[in-house]
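> got a predicted model here, sequence first, then my questions.
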Amino acid sequence: MTKITKILVANRGEIALRIMRSAREMGIRTVAVYSEADRSALHVRYADEAVCIGPPPSSESYLRHDKIIKAAKETQADAIHPGYGFLSENEDFAKLVEDEGLIFIGPSAKAIELMGSKLAAKAAVAKFNVPLVPGTSEPITDVAAAKKIAKEIGYPVLIKASAGGGGKGMRVVENEESFQEQMERAISEATSAFGDGSVFIEKYITKPRHIEFQIFGDKHGNVVHLFERECSIQRRHQKVVEEAPSSVLTPEKRKAMGEAAINVAKSCGYYGAGTVEFILDDNLNFYFLEMNTRLQVEHPVTEEITGLDLVKLQVKVAEGEPLPFKQDELKINGHAVEVRVYAEDPANNFLPDIGNLKTYKRPQGHGIRLDDGFEQGMDIPFYYDPMIAKLIAHAETREAAIDKMIRAIDEYEITGLETTLGFCNFVMKHEAFRSGNFDTRFVENYFKPSVLQGNPIQVEETLAAALAVTLMNGNGKATQQNVTVVQEVSKWKKNRI
Ligand code: MV4
């Protein structure tokens with residue numbers, strides 16, 4: 001057991017703040033690192049100490065192993081928390097941290113490395129009887145042999161890069177005629193993107209639901225799961241809405257998937273927070289896809305339904321403490337929904353719309369949590385992910401949580417740039433979402449920019465498109481300008497106009 005007294009947070013934005021808050025509650029001092037673009041960022045102000053680690057591009061700051069280690073040494077931090085993204089799943093960094101005598105608040109470098117290779121991960125979990133999508137367990141190299149396997153599996157098949165993940169390096173092959181071309185492309189892309197041309201084949205599950213299990217392990221071999229998150233509402237592999245629990249799992253299915261998730265963790269001697277990703281086909285058969293070896297963006301929905309602080313748990317596990325509970329002591333309390341608010345323009349193909357937060361008024365009230373990293377008047381820097389905030393609603397039932405979310409979105413006021421708030425509102429009110437009957441194709445099936453413009457505007461289409469940009473404020477609501485647009489305005493705002 002090693003008591004941690006000072007944590008360097010190798011990240012920025014909302015997650016850096018999220019981690020520092022828990023550290024402070026534990027009486028642990030905090031060190032922020034920041035790039036020149038983040039001099040006045042909230043995580044820098046919140047930390048007990050802050051060290052500038054370089055110019056704005058992350059390759060010159062937040063991704064620099066050497067500068068981060070140097071900052072930790074200079075400030076005498078005894079542990080590093082990587083957050084998500086950046087260096088969180090970099091096995092070389094995890095190893096370097098430990099070689100330098102510091103504690104990496106995350107899994108072992110070995111577990112990161114093993115799960116980073118999709119083929120190695122599949123091989124490891126297969127030994128623990130975790131269900132896998134039918135496919136190959138070795139890289140495919142010979143076109144004729146691969147074609148034979150694809151035929152046995154049955155088209156459509158998916159070619160995936162072993163070094164990929166999160167949807168990177170995937171190719172759907174519809175029929176035998178296009179197989180060779182797609183395979184050659186997949187190998188060449190994987191080689192240039194990852195420096196590893198290994199690819200494999202899987203049966204393509206056409207309308208999957210994405211359900212992931214939060215797992216937690218300690219350094220004494222104990223592993224539990226903290227139930228699932230439903231993350232099917234996503235756009236180009238970027239999650240938009242996450243919730244816990246999933247509305248499609250029966251207690252029996254939850255138990256079976258939870259046990260499989262624990263086995264995935266055991267297959268790589270996992271400790272710390274991790275996420276086991278499954279897809280569900282339309283018969284609710286589940287298959288292991290990959291494991292994410294970090295604390296995820298959407299961890300708050302799990303915190304809301306379990307009442308646990310996952311960052312505190314990470315710190316305790318890193319210190320060598322055993323998990324303070326057993327699986328049967330954990331239960332699901334109510335329902336939580338999270339939406340990610342991005343500085344992106346849904347009317348313009350979700351193009352990032354970085355700029356200044358001219359107005360920034362946060363929603364509040366019972367059951368509402370907002371994890372963000374900005375204040376009114378701040379600029380969203382151009383160099384990093386354009387996520388402004390995560391808005392989380394927790395209530396007794398799914399319906400009540402969704403209604404609470406709609407109320408909070410309505411209170412949230414952002415002007416100065418376009419955001420995805422209106423889009424989130426659209427999802428919350430959509431029948432397919434509310435009924436629970438949706439899959440990973442929700443956005444492509446139901447969303448087109450015009451749905452955010454209220455009733456059709458009676459002008460030529462081109463003019464309507466041009467107007468769409470100016471007519472929307474941060475809430476995706478039409479504002480009162482020269483054109484009268486039929487759109488509901490909240491009472492809160494009416495009372496103030
Ligand atoms: C699949 C699949 C269908 N069949 N594998 C995308 C992210 C990466 N973790 C794996 N992904 C998928 N793998 C088979 N055999 C469909 C997806 C997929 C997906 C998965 C989860 C959430 C959203 C998705 C969107 C498109 C494709």
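In hand now; what should we look at? Predicted, not measured: the structure shown is a model, and the values here were computed from it.

> just give me how far stretch 106-120 sits from the chain centre.
Offset of stretch 106-120 from its chain centre (C-alpha atoms, centre = their mean, to the nearest Å): 18 Å.

> wait, stretch 34-42
A distance of 23 Å separates the centroid of the chain from that of stretch 34-42, by C-alpha atoms, centre = their mean.

> again with stretch 202-220
Taking mean C-alpha positions (C-alpha atoms, centre = their mean), stretch 202-220 and its chain are 13 Å apart.

> before we move on, what about stretch 392-400?
On C-alpha atoms, centre = their mean, the centre of stretch 392-400 falls 20 Å from the chain's centre.

> burial of the closest residue to the ligand within the stretch 51-200 of the chain, as a residue count?
Residue nearest to the ligand within the stretch 51-200 of the chain: residue 167 (3.7 Å; C-beta to the nearest ligand atom). (Each C-beta comes from the backbone N, C-alpha and C, glycine too.) As a burial measure, residue 167 scores 12 neighbours (other C-beta atoms under 10 Å).

> cool, and the one 10 residues further on?
When neighbours are counted by other C-beta under 10 Å, residue 177 registers 8.

> need phi/psi at it.
phi -60, psi -40 (degrees, to the nearest 10).

> still on that earlier bit, find me the pLDDT at the residue of the stretch 51-200 of the chain closest to the ligand, would you?
On pLDDT, residue 167 comes in at 77.

> contact partners for it?
236, 237 (C-beta atoms under 8 Å, 6 or more residues apart in numbering).

> can you confirm residue 369 is in a strand?
Yes: counting by DSSP: H, G, I helix; E, B strand; the rest coil, residue 369 is found in a strand.

> what residues sit buried inside the helix or strand residue 182 falls within?
Secondary structure from DSSP states H and E places residue 182 in helix 179-194. Residues of helix 179-194 classed as buried by neighbour count (16 or more other C-beta atoms under 10 Å): 179, 182, 183, 186, 187, 189, 190, 194.

> cool, and stretch 385-401?
In stretch 385-401, counting by 16+ other C-beta under 10 Å, buried: 385-395, 398, 401.

> now, which of those lie within strands?
387, 388, 389, 390, 391, 392, 393, 394, 395 (DSSP state E).

> if we can go back for a sec, and the residue of the stretch 51-200 of the chain closest to the ligand, how far is that from residue 290?
Separation of residue 167 from residue 290 (C-beta to C-beta, to the nearest Å): 10 Å.

> the residue in the stretch 301-450 of the chain that the ligand sits nearest to - nearest residue in space that isn't next to it in sequence?
Closest residue of the stretch 301-450 of the chain to the ligand, C-beta to the nearest ligand atom: residue 440 (3.9 Å). The shortest distance from residue 440 to any non-neighbouring residue, by C-beta to C-beta, 6 or more residues apart in numbering, is to residue 232 (5.0 Å).

> residue 439 is in contact with the one you found, correct?
Yes: Residue 232 is within contact range of residue 439, at 5.6 Å (criterion: C-beta atoms under 8 Å).

> these two: which has the busier surroundings?
Taking other C-beta under 10 Å, residue 232 and residue 439 do not tie; residue 232 has more neighbours (25 against 19).

> so the longest strand along the chain, near the ligand or not?
What stands out as the longest strand in the chain, according to DSSP E, is strand 223-235. Yes: remark: strand 223-235 sits within contact range of the ligand at residue 234, by C-beta under 6 Å from any ligand atom.
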